[in-house]
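> Predicted structure and sequence below. I'll ask about it afterward.
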Amino acid sequence: MSTVTTIGFVGFATPTATTSSLKRNLSSYVVLGGASGNELRKFRSIKGTATSGRRLQIRSTTSLQDATTTKINGLPVREIPGSYGPAFWGAFSDKIAYYWTEGVPRFYENRRDKYNSTVYRMNTVPGPPFFPDPRVIVLLDQKSYRTLFDVEKVEKTNVFTGTYMPSLDYTGGYRVLPYLDPSEEKHSLLKEFCFEVLKSSGRRVFPEFHKALNEVFEAWETGLKNSKDRKIKFMDALSVETLRFNVRAFLEADPVDPNTEASLGKEAVGIIRWWTLPQIMPIAVLSLPIFFAFLLAPLFELLLHTFPLPFSLVKSKRQKIVDFFRANSKEVLDMAETRFGLDRNEALENLIFYTCFNSWGGINFLFPAIIGRLGSTSAEFQRELSAEVRKAIEENGGLNPAALSSMPLVQSAVYEVMRIQPPVPFQYGRAKKDLIIESHDAAFRVKKGEMLAGYMPLAHKDPKVFTDPEGFNPKRFMEEEGEKLVQHLLWSNGSQTETPTVHNKQCPGKNFITIIAQLLVAEIYSKYETISVDGDTLVALNRASSP
């Protein structure tokens, strides 16, 4: 079976000449230093005479110096490297390389190395023949990447999924919060509504998460006991129970329980995935065995990456989701109407998107990464993790906020997973004006309207910020030096040390996701001293002894 991995400057005077144009125009000469205005004006006539091998003495002038040595904040101004190629075939070639012949992250790494730059031009997916303009400027280092968070410089309208935007039919005809720019009035209202939903769920998060994880542990232990090869897929139970947790925390209703009004029943996970996946399928990378990849690539390209999947495929499933949320979110929707003046149906569509796409969708990327990474570490480290968790619980009378805040190793381990495998790997923005973007090594001119695209896994491995950036070090963010690195975690469309507000595009659920990720680790290692994981497969659970 295939798996899916997916899927928000300063003005500069243009020099009178560029390095590339000078190379073309002065190809017959060796340039030793600037020229007077008259000498330069005479150049074209000189070029046409018999001057082969002639050395032209050119004295320094301001315009030529600007073209070759101008600096911004001490950085040389460099032309953005890279090419989009021919109108159709260049984009199509990049598309095939991205999905099939190179894959991610190699696609980004190869071009970074080729151009010797963390800022370059390329075509992004899904691209031609039936998707919008794929041309983007890629940002891969910590310094340039932060441009994507500056809403004074970039516009965030309809760029949540990049150059492609799913049909509004998936969201009841409404542009939901992630697709809005902060300059839009609805952005502030909908983000405040989201903040309020998160705030009201606060008292339920810890008990509901504990309840969900107990169900997961029981399923894991039973599965390992009954499995012939003593192996199970750990996400099978975790996906179901985290969905139940998420909805119970936000709505106080269980989507799986048959006694809940308009219950989705045991098909709840499948129904929501059926609604979610078509929205990101055009930009999704399929992980297939190499034989099947080459055999089936043309078919997958035709069916999944050529045009948007028709909404009719998911219409009936989506209606079940809408019916469930409408029946079980009356108080939440009342609050949206009375406090924020939102249309009830628009609030409903945003609530569905917050809960199922943003929150639970993010969990389904982050939690497997956490379990996979920590379950592959040494038994010695896992025992250290378990000891910290059990000590904090004992000293604080249970697994509560005080206990969780007393687990620096747990926090560091979660941060390191977020660094290596951020749950949101891409961000986009469109330049609001002509800009100068700075990397560590150069400054680059960007024109108004150009699309910027950030690939976070490489920005999170910036060697100028992180020591041994490719290595997984769960203690990286501990103590004074480690705490200084937290500001460089950018997974939430902003720095981990910054706060989501109605004026920015940082994820409103940043703190919620961080807390439940740490809770996941604390719950596991309060019960088990070590776990053994092989990819997405759970191999062994070793219970912790009583403290």
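Happy to help now that I have it.

> which element is I513 on?
Counting by DSSP states H and E, the element that carries I513 is helix 510-527.

> what is the rounded mean pLDDT of that helix?
Here helix 510-527 scores 98 as its mean pLDDT.

> other SSEs contacting the longest helix belonging to the chain?
Determined from DSSP state H, the single longest helix within the chain is helix 185-226. With contacts taken as 3 or more Cβ pairs under 8 Å, 6 or more residues apart in numbering; DSSP states H and E, helix 185-226 sits against strand 232-233, helix 234-251, helix 330-340, helix 344-352, helix 510-527, strand 537-543. C-betas here are computed from N, CA, C, even on glycine.

> residue contacts, the residue lying closest to L485 once chain neighbours are set aside?
In space, and not counting its chain neighbours, L485 is closest to F477: 5.8 Å by Cβ to Cβ, 6 or more residues apart in numbering. Counting by Cβ atoms under 8 Å, 6 or more residues apart in numbering, F477 touches Q411, S412, Y415, E416, E483, L485, V486.

> so the first one sits in a helix?
The one in question is Q411. Yes. The assignment for Q411 (DSSP: H, G, I helix; E, B strand; the rest coil) places it in a helix.

> quick one: the longest helix of the chain to strand 537-543, angle?
70 degrees (axes from the mean of the first three to the mean of the last three Cα atoms, to 10 degrees).

> what angle sits between helix 185-226 and helix 510-527?
Computed by the same axes, to 10 degrees, the angle between helix 185-226 and helix 510-527 is 10 degrees.

> Count the residues that sit near R244.
By other Cβ atoms under 10 Å, 22 other residues sit near R244.

> any chance you could map the helices in the stretch 301-450 of the chain?
315-328, 330-340, 344-352, 360-374, 379-395, 401-404, 408-420 (DSSP state H, counting those that start in this stretch).

> Oops, could you answer that again for the stretch 1-150 of the chain instead?
With DSSP H, counting those that start in this stretch as the criterion, the stretch 1-150 of the chain has helices spanning 19-25, 37-41, 43-47, 62-69, 89-96, 106-115, 142-145.

> thought A431 was touching V154?
Yes. Between A431 and V154 there is a contact at 6.2 Å, judged by Cβ atoms under 8 Å.

> Quickly list what's touching both of these two.
By Cβ under 8 Å, 6+ apart, A431 and V154 have these common neighbours: L452.

> of these two, who's got more company?
When neighbours are counted by other Cβ under 10 Å, A431 and V154 differ, and V154 comes out ahead with 26 against 20.

> so how far is P308 from the more buried one?
As judged by Cβ to Cβ, to the nearest Å, V154 and P308 stand 25 Å apart.

> Grab the nearest non-local neighbour of D141.
Closest to D141 by Cβ to Cβ, 6+ apart is T118, at 3.9 Å.

> and if you look at D257?
Closest to D257 by Cβ to Cβ, 6+ apart is S263, at 6.0 Å.

> Are we agreed that that neighbour is in a strand?
No. Per three-state DSSP, S263 lies outside any strand segment and is coil.

> Does it touch F324 like I think?
Yes. Between S263 and F324 there is a contact under Cβ under 8 Å: 6.9 Å.

> So for those two, which residues contact both of them?
P255.

> more neighbours, these two?
Set S263 next to F324 and count neighbours by other Cβ under 10 Å: F324 wins out with 24 against 20.

> For R318, see how far away that one is.
Distance, F324 to R318, by Cβ to Cβ: 11 Å.

> do the same with G397
Distance, G397 to R318, by Cβ to Cβ: 44 Å.

> Settle it for me: which of the two has more neighbours?
R318 (21 against 9).

> In space, what's closest to the more buried one - neighbours in sequence excluded?
Using Cβ to Cβ, 6+ apart, the closest residue to R318 is W275 (5.0 Å).

> I figured that neighbour was touching S316, is that so?
No. Contact criterion Cβ under 8 Å: W275 and S316 do not qualify, at 10.2 Å.

> Look at these two and report which has more neighbours.
Neighbour count, other Cβ under 10 Å: between W275 and S316, W275 has more, with 24 against 10.

> Looking at the more buried one now. What's its pLDDT?
At W275, pLDDT is 97.

> With L286 instead?
You'll see L286 listed with a pLDDT of 68.

> L538 and R230 touch, don't they?
No. Here L538 does not reach R230: they are 9.4 Å apart, not a contact under Cβ under 8 Å.

> what about the two, which has more around it?
Neighbour comparison, L538 and R230: the larger count goes to L538, with 26 against 12 (by other Cβ under 10 Å).

> so the more buried one bridges to which residues?
Note on L538: beta-bridge partners I232, V533, judged by DSSP bridges.

> coming back round to it: list the contacts for the residue nearest to D141?
The contact partners of T118, taken as Cβ under 8 Å, 6+ apart, are R112, L139, L140, D141, S144, S439, H440, D441, L458, D462.

> Next, count neighbours for the last one.
D462 is surrounded by 19 other residues when neighbours are defined as other Cβ under 10 Å.

> for it, phi and psi?
phi -60, psi 120 (degrees, to the nearest 10).

> Now do the contacts for it.
Residues near D462 by Cβ under 8 Å, 6+ apart: T118, D141, Q142, H440, P469, H488.

> Using ChimeraX, make a named selection holding only the buried ones among the residues you listed.
Buried residues among those (16 or more other Cβ atoms under 10 Å), as a ChimeraX selection:
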select :118,141,142,488
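
> Any chance of TSV for the contacts of D462, columns distance to N246 and pLDDT?
Listed next are these as TSV, based on distance: Cβ to Cβ, whole Å; pLDDT from 0 to 100:
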residue	distance to N246	pLDDT
T118	36	98
D141	34	98
Q142	31	98
H440	39	98
P469	32	98
H488	28	98
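
> now the contacts of D462 in TSV, with distance to T101?
As requested, the contacts of D462 are exported to TSV (distance: Cβ to Cβ, whole Å):
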residue	distance to T101
T118	23
D141	25
Q142	29
H440	30
P469	26
H488	32
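
> Sort out which one of the contacts of D462 lies nearest A249 for me.
H488 (29.6 Å; Cβ to Cβ).

> who wins for proximity to V176 among the helices and strands packed on helix 185-226?
helix 344-352 (5.1 Å).

> Taking helix 234-251 as reference, get the angle to that closest one.
140 degrees.

> picking up where we left off before, in contact with the residue nearest to R318, which residues are there?
Y170, V314, K317, R318, I321, C356.

> Show me which of those residues are buried.
With neighbours counted by 16+ other Cβ under 10 Å, the contacts of W275 contain buried members at Y170, V314, K317, R318, I321, C356.

> could those residues go into TSV alongside pLDDT and distance to V240?
As requested, the buried ones among the contacts of W275 are exported to TSV (pLDDT from 0 to 100; distance: Cβ to Cβ, whole Å):
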residue	pLDDT	distance to V240
Y170	97	23
V314	95	20
K317	97	17
R318	97	20
I321	98	16
C356	97	14
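
> which residues does the closest residue to T242 other than its chain neighbours contact?
Excluding the flanking residues, the one nearest T242 by Cβ to Cβ, 6+ apart is I363, at 5.0 Å. I363 makes contact with T242, N246, I513, I516 under the criterion Cβ under 8 Å, 6+ apart.

> quick one, which of the helices of the stretch 301-450 of the chain is packed in tightest?
Most buried of those by mean neighbour count (mean count of other Cβ atoms under 10 Å) is helix 408-420; its value is a mean of 23.
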